[in-house]
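Q: What would the 3D arrangement of this be:
(one chain, ligands or ions: 1)
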Amino acid sequence: MQHYKIGLIGAGFMAKAHSMAYASMPMFFWPAPGIPVRQKICDITIDRAKDAAAQMGFSEYTDNWREVVNDPDIDIVDICTPNNIHAEIAIAAANNGKHVFCEKPIAMTSEEAAQMLEAVRKNKVKHMLAFNYRRTPAVALAREIIAAGEIGEIQTFRGTYLQDWSADPNSPLSWRFQSEVCGTGALGDIGTHVIDMARYLVGEFKAVSGELKTYISERPIQSSNVDALGTVKASGDVPKGPVTVDDEASFSIRFQNGATGSIEATRNAWGRNNYITFEIHGTQGSIYFNYERRDELQVCYAGDPGNRRGFRTIYTGPAHPYGEGLWPIPALGIGYSETKIVECYDLIKAIAEDTEVSPDFHDGYRISLICEAIEASNANGGNWVPIP
Ligand code: SOE
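A: Model prediction:
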């Protein structure tokens, strides 16, 4: 069985999720399409890198990402850094013939994303973006139901991604609030997950009209570089710095196939934690999904007798997408980890079998164009902006 050596750059919470998936994937999907080997990990200081190697099971560590992309032993470069260095790392890795797996959003601008796409295509390496939520079995089941025409032609998509970790003004000014490091705020960080699902389920966007708002304009400056996602609050008289990204993105969508839609994304919604939802209405029925109940897909069929019509709940299990590898009984519990394990399986399979995998850098590029169109619409008072 082929082994693939992973070089992982950035050792925060996403690195933990990816490392867990590399370790677990063959336990779920066996025989595995290939075995990911946790070879080398990189973080911003050598002490942090050493610690991360011990914690996440890597044989080697470094504080210089170029040592990862230049290492002839590494097969796959996995990018879990802040957004402003995705492009430089991905392009260098692709030019060295490495497959590239990158956290979302793909890059700071669509121009950078286009350069990344060009590099992976030119070097004929596999490329994948970590929009993991589409790999929730219930979301993949929604796609199967739609593709089979079971709810007819899609007319509307309503999506949300609501969290509350930044609702407290004392939640510190991590890189996620600094436009020079992250590009956009809620829009790029979490709105893009729902854009990915909308494209996956309904189709390509034609135009958007939207608004971006920043409610908390300054936050306490962090004493460390570590992004604690609001769990470590500033106390006392800590100096503040400006927030230069959106807290909230809300926009309407015209899909190329004639459907319409809307998405709202914020990290300031008290009481909402990872509230990713979508409701899709078709001419023959409807689908509803809520990630906080992610084992379940709710489906309503118009063809049911009127006095019995309503949403039915399907608990995903062995009969549903990815069921062959995940748990043998529906409702045992699908979690964030399972989505990352499935993602890892699809990546390794695509490399081993030399097939396409999505979402890829082309999807990332398209999503960057959509985000830029939402920013342009916000700047011009909410007018509709076509996606190039
Ligand atoms: C913070 O909003 C965050 O970690 C996002 O960056 C991730 O993409 C999401 O999956 C969970 O929340």
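Q: Name the residue closest to the centre of the chain, please.
A: By Cα atoms, centre = their mean, the chain has its centre lying nearest to F131, at 2.8 Å.
Q: And that one, how close does it get to the ligand?
A: Note on F131: its distance to the ligand, by Cβ to the nearest ligand atom, to the nearest Å, is 8 Å. Where C-beta positions appear, they are placed from N, C-alpha and C, glycine not excepted.
Q: just G381 next, same as before
A: Counting by Cβ to the nearest ligand atom, the gap from G381 to the ligand is 28 Å.
Q: begin at 54 from here
A: Yes, from this point I'll number from 54; that puts the last item at G434.
Q: Pretty sure that residue sits in a strand.
A: No: using DSSP: H, G, I helix; E, B strand; the rest coil, the assignment for G434 is coil, not a strand.
Q: and Y214, what element?
A: Using DSSP states H and E, Y214 maps to strand 207-215.
Q: Partner strands of that strand, with direction?
A: Here strand 207-215 has these sheet partners by DSSP bridges: strand 313-319 (parallel), strand 328-335 (antiparallel).
Q: what's the offset of it from the middle of its chain?
A: 17 Å (Cα atoms, centre = their mean, to the nearest Å).
Q: Just give the number of residues close to G311.
A: 11 (other Cβ atoms under 10 Å).
Q: quick revisit: in PDB, could you pull the C-alpha coordinates for the strand holding Y214?
A: C-alpha atoms of strand 207-215 as PDB (Å, rounded to 0.1, in the frame of the first residue of the first chain):
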ATOM      1  CA  ILE A 207     -34.600  24.200  -7.100                       C
ATOM      2  CA  GLN A 208     -36.100  27.600  -6.500                       C
ATOM      3  CA  THR A 209     -34.500  28.900  -3.300                       C
ATOM      4  CA  PHE A 210     -31.600  28.300  -1.100                       C
ATOM      5  CA  ARG A 211     -31.500  30.000   2.400                       C
ATOM      6  CA  GLY A 212     -28.200  29.500   4.300                       C
ATOM      7  CA  THR A 213     -26.700  30.700   7.600                       C
ATOM      8  CA  TYR A 214     -23.400  30.400   9.400                       C
ATOM      9  CA  LEU A 215     -23.800  31.900  12.900                       C
END
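Q: If I follow the layout properly, the residue nearest to the centre of the chain ends up in contact with T245?
A: Yes: with contacts counted by Cβ atoms under 8 Å, F184 reaches T245, the gap being 7.3 Å.
Q: which residues are common contacts for these two?
A: Taking Cβ atoms under 8 Å, 6 or more residues apart in numbering as the criterion, F184 and T245 both touch K157.
Q: Quick one: closest of the strands paired with strand 207-215 to H415.
A: Nearest to H415, of all those, is strand 313-319, at 20.7 Å by Cβ to Cβ.
Q: Next one: that closest one, is it in contact with the ligand?
A: No: Strand 313-319 lies out of reach of the ligand by Cβ under 6 Å from any ligand atom, never closer than 9.4 Å.
Q: mind listing what the residue in the stretch 304-441 of the chain positioned nearest to the ligand touches?
A: Nearest residue of the stretch 304-441 of the chain to the ligand (Cβ to the nearest ligand atom) works out as R320 at 5.6 Å. By Cβ under 8 Å, 6+ apart, R320 lies in contact with 216-220, 238-239, 242-243, 300.
Q: go with 7 Å
A: The contact partners of R320, taken as Cβ atoms under 7 Å, 6 or more residues apart in numbering, are 216, 218-219, 239, 243, 300.
Q: related to what we said a few turns ago, deepest of the strands paired with strand 207-215, which one?
A: Stretch with highest mean neighbour count among those: strand 313-319 (a mean of 22; mean count of other Cβ atoms under 10 Å).
Q: Pull the residues that contact it.
A: The list of residues contacting strand 313-319 from outside it, by Cβ under 7 Å, 6+ apart, reads 209-215, 239-240, 243-244, 247-248, 251, 255, 300-308.
Q: cool, stretch 261-274 as well?
A: The contact list for stretch 261-274 (Cβ under 7 Å, 6+ apart) reads 222-226, 230, 240, 287, 291-296, 299-306, 321, 423, 426-428, 430-431, 435-438, 440.
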